[in-house]
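K.L.:
Attaching a predicted model along with its sequence, questions to come.
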Amino acid sequence: MLSFTIIVILLVMLVALARAFTGPNVFDRVLAANLFGTKTVLLIAAISYLLGSPDYLDIAVIYALINYISVIGVLRVTEIRRERRQAGAE
Amino acid sequence: MSTLWLWASDACLLIGSFLLLTGALGFLRFPDFYARIHACGVTETLATGFVLLGLLLRSDDAMPQVKLVLILLFVLFSSPTASHALAKAAWNAGVRPRDNSGKRRVSLPHTDP
């Protein structure tokens, strides 16, 4: 059952990449990156249990933290770009 | 590991995989951006919760269980916040909700540009 879950997680990551390529605007790509990141966390946790050595979970914890920060960082960029454009427009 | 625990862990993993698949399908096929945020949110909170619960039932010593609970708590707190920040940034950038055919814009109740 664990390997079935890993296959499903890889499939979902592929779907996220597909939507990242076809996504009309930049926020679809940020959403796909966010989905990809959380699924990587699940993948690391599931694989560490498949191999029977559950000490890889530290990597999963750190990856969850970094994934969250990267999403907020990218959104900050779009916000700053919009403010600068509005400041330039006035 | 008695078979009851393994059976419960497999059931949780199965439910988690099913939610992952339905959420991913929604994320792929929804025409509207805000509907896609919802589909992605389903996979991030509920499916992650079930998969990590399945792994939790499968682990026997304490340290991995603590780490799994930490991951679960952090993801449950951070993914709604990330989705909210994403929706706010998209709204400020001018992305407006569309109807379910994805072409025309939905008329919003209050007068908003």
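P.N.:
Received, thanks.

K.L.:
Now do the phi/psi pair for B:R98.
P.N.:
phi -110, psi 170 (degrees, to the nearest 10).

K.L.:
Over to A:P54?
P.N.:
phi -80, psi 40.

K.L.:
Name the nearest residue to it, ignoring sequence neighbours.
P.N.:
B:P64 (3.8 Å; Cβ to Cβ, 6 or more residues apart in numbering or on different chains). The way it works is simple: take the backbone N, C-alpha and C, and place the C-beta from them, glycine included.

K.L.:
just how off-centre is the helix or strand where the one you found lies within its chain?
P.N.:
Per DSSP states H and E, B:P64 falls inside helix B:62-92. Between the centre of helix B:62-92 and the centre of its chain there are 10 Å (Cα atoms, centre = their mean, to the nearest Å).

K.L.:
same deal with stretch B:6-25?
P.N.:
13 Å.

K.L.:
Okay, buried residues for that stretch please.
P.N.:
For stretch B:6-25, a neighbour-count test (16 or more other Cβ atoms under 10 Å in any protein chain shown) marks B:9-10, B:12-17, B:19-21, B:23-24 as buried.

K.L.:
Which ones among those lie within helices?
P.N.:
B:9-10, B:12-17, B:19-21, B:23-24 (DSSP state H).

K.L.:
what residue ranges in the chain score low on pLDDT?
P.N.:
The chain I'm using is chain A. Across chain A, nothing is flagged by pLDDT under 70.

K.L.:
right idea, wrong chain: chain B
P.N.:
B:1, B:100-105, B:109-113.

K.L.:
redo that, cut-off 80
P.N.:
Counting by pLDDT under 80, chain B shows low-confidence ranges at B:1-2, B:96, B:98-113.

K.L.:
Excluding covalently adjacent residues, which one is nearest to A:V8?
P.N.:
In space, A:V8 is closest to B:S17, 4.1 Å off (Cβ to Cβ, 6+ apart).

K.L.:
thought the one you found was touching A:I6?
P.N.:
No: using Cβ atoms under 8 Å, B:S17 makes no contact with A:I6, being 9.4 Å away.

K.L.:
Tell me which other helices or strands the strand or helix carrying B:L55 touches.
P.N.:
Taking DSSP H and E as the definition, B:L55 sits inside helix B:48-58. The helices and strands touching helix B:48-58, judged by 3 or more Cβ pairs under 8 Å, 6 or more residues apart in numbering or on different chains; DSSP states H and E, are helix A:2-22, helix A:26-50, helix B:3-29, helix B:62-92.

K.L.:
now could you export just the CA positions of it as CSV?
P.N.:
Only the C-alpha atoms of helix B:48-58 are listed here, as CSV (Å, rounded to 0.1, in the frame of the first residue of the first chain):
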residue,chain,number,x,y,z
THR,B,48,-1.6,15.2,3.7
GLY,B,49,-3.4,14.6,7.0
PHE,B,50,-4.5,11.2,6.0
VAL,B,51,-1.2,10.1,4.5
LEU,B,52,0.7,11.3,7.5
LEU,B,53,-1.8,9.6,9.8
GLY,B,54,-1.3,6.4,7.9
LEU,B,55,2.5,6.7,8.4
LEU,B,56,2.0,7.6,12.0
LEU,B,57,0.1,4.3,12.6
ARG,B,58,2.9,2.5,10.9
